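Engineer: The following comprises the amino acid sequence and a computationally predicted model.
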Amino acid sequence: MGRVTPAQIAAAARALRAGELVAFPTETVYGLGADARNPAAVRRIFAVKGRPARHPLIVHLADIGQLPAWAREVPEAARRLAERFWPGPLTLVLPRAAGVEDSVTGGQDTVALRVPANPVAQQLLAAFGGGIAAPSANRYGRVSPTCAEHVREEFGETVPIVLDGGECAIGLESTIVAFQDGVARLLRPGRITAGEITALIGPLAIGADAGSPRVPGSTPAHYAPSTPLSIVPSEQIEARSAALAHGGRPVAVLAWRPSAAPHPGVLWIDAGARAPQYAHDLYAHLRTLDKSGAERILVQDVPDGEAWAAIRDRLRRAAAGAKQETP
């Protein structure tokens, strides 16, 4: 990784102003950014990713002072969250201000906003001077990128400007909290947990209801490798993987402990039992296993507990999104 230079930041800001796309790191995953005030540029994000037009984007801001330009109202609880967790891995969904483009909101009356903590993202936002709409820098529904090389593997020369800020510090997408009709609702788990949010603002509804806004990464199938992926109960992971391997089918395993019965036909990754490190490495591990030549990926079910909630969410959606076949 080379250090991102001021000249590269300035060139990326110019590209955004010209309606071009720029991939850049955040502390969560790499984003594919466009000028959030330029509908044509935003539409290019959807075209390049193959993303459905009704799926809203997150607008990244330089600081909390830019909120009034994007949200017509900010409940006191939302402001407390922003003051506590921004810059950081928290997205707030708020009523959109006048002039916010339908292309950003998916045609909804809400807009998703966050202030990223990554220094390269901060420098880019400061140089650009406006909001940057940016979903993850990968093909729609696939595994999110956590380093610049992942972005280049996805898009090649289609996205020529990739600011290489090294590995993302967190590795999973931001926590999303929506505010609607006086209710705070957790719509996507992330590093900032429900318990941390509740401790600061009080009651928090969990999960979407019929009236909830659509938000990024909330479809049942998402974050998926191309290889069929199944989640296996912890105590069955050795037996299931060995059975497949004995049948002559190469199998890859993502586990949170070493194998108790190693098998020569099984590629086993021990991702460890610490949730933050497991999360940091998750997408890189899924990419490695996806390229391993295995016919199936088996994932050991992760432990219970709030620290693993975002990981469980991503694995469940990855299993739904990966091609499935009879084991």
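Structural biologist: Nice, I can see it.
Engineer: What is the burial count for Ser150?
Structural biologist: Just to correct that, residue 150 is His rather than Ser. For His150, the neighbour count with other C-beta atoms under 10 Å is 24. (Glycine included, C-beta is placed from N, CA and C.)
Engineer: Residue numbering should commence at 136 henceforth.
Structural biologist: Understood, numbering begins at 136; the last thing we discussed is His285.
Engineer: Settle this for me: it is touching Ala158, isn't it.
Structural biologist: No: the pair His285 and Ala158 fails to qualify as a contact (C-beta atoms under 8 Å) at a distance of 9.7 Å.
Engineer: who touches both of the two?
Structural biologist: Common neighbours of His285 and Ala158 (criterion: C-beta atoms under 8 Å, 6 or more residues apart in numbering): Tyr165, Ala272.
Engineer: Point out where the stretch 236-385 of the chain drops to low pLDDT.
Structural biologist: When residues are selected by pLDDT under 70, none of them lie in the stretch 236-385 of the chain.
Engineer: can you give me the strands in it?
Structural biologist: In the stretch 236-385 of the chain, the strands defined using DSSP state E, counting those that start in this stretch lie at 245-249, 267-268, 310-315, 318-323, 340-341, 364-367.
Engineer: now the helices for the stretch 136-285 of the chain?
Structural biologist: If DSSP state H, counting those that start in this stretch is used as the criterion, the helices of the stretch 136-285 of the chain fall at 141-152, 174-184, 211-220, 237-240, 254-263, 283-290.
Engineer: returning to that earlier point: for Arg449, find the nearest of the strands of the stretch 236-385 of the chain.
Structural biologist: Arg449 lies closest to strand 318-323 among these, at 9.6 Å (C-beta to C-beta).
Engineer: List the residues that contact the nearest residue to Ser271 once chain neighbours are set aside.
Structural biologist: Nearest non-adjacent residue to Ser271, counting by C-beta to C-beta, 6 or more residues apart in numbering: Ser279, 4.2 Å away. Neighbour list for Ser279: Val164, Tyr165, Ser271, Asn273, Leu307, Glu308, Tyr358, Tyr418 [criterion: C-beta under 8 Å, 6+ apart].
Engineer: domains of this structure?
Structural biologist: Here the domain assignment for the chain is 141-341, 364-456, based on automatic domain parsing.
Engineer: Of all the ones you listed, which one is nearest Ser353?
Structural biologist: domain 141-341 (6.0 Å).
Engineer: what about Ile404, helix or strand, and which?
Structural biologist: strand 401-405 (DSSP states H and E).
Engineer: partners of that strand, with directions?
Structural biologist: Strands adjacent to strand 401-405 in the sheet, as given by DSSP bridges, are strand 386-390 (parallel).
Engineer: roughly how far out does the partner strand sit from the chain middle?
Structural biologist: 22 Å (C-alpha atoms, centre = their mean, to the nearest Å).
Engineer: Over to stretch 290-308?
Structural biologist: 12 Å.
Engineer: Figure out the length between the terminal residues of it.
Structural biologist: This stretch, stretch 290-308, spans 20 Å end to end (C-alpha to C-alpha, to the nearest Å).
Engineer: what about the residue lying closest to Ala146 once chain neighbours are set aside, neighbour count?
Structural biologist: Nearest residue to Ala146, sequence neighbours excluded (C-beta to C-beta, 6+ apart): Ile296, at 7.2 Å. By other C-beta under 10 Å, 16 other residues sit near Ile296.
Engineer: Please apply the same query to Ile144.
Structural biologist: Neighbours around Ile144, by other C-beta under 10 Å: 20.
Engineer: and if you look at Ser394?
Structural biologist: Neighbours of Ser394 under the rule other C-beta under 10 Å: 16.
Engineer: With Pro174 instead?
Structural biologist: Residues lying near Pro174 (other C-beta under 10 Å) number 15.
Engineer: Repeat that for Asp316.
Structural biologist: When neighbours are counted by other C-beta under 10 Å, Asp316 registers 6.
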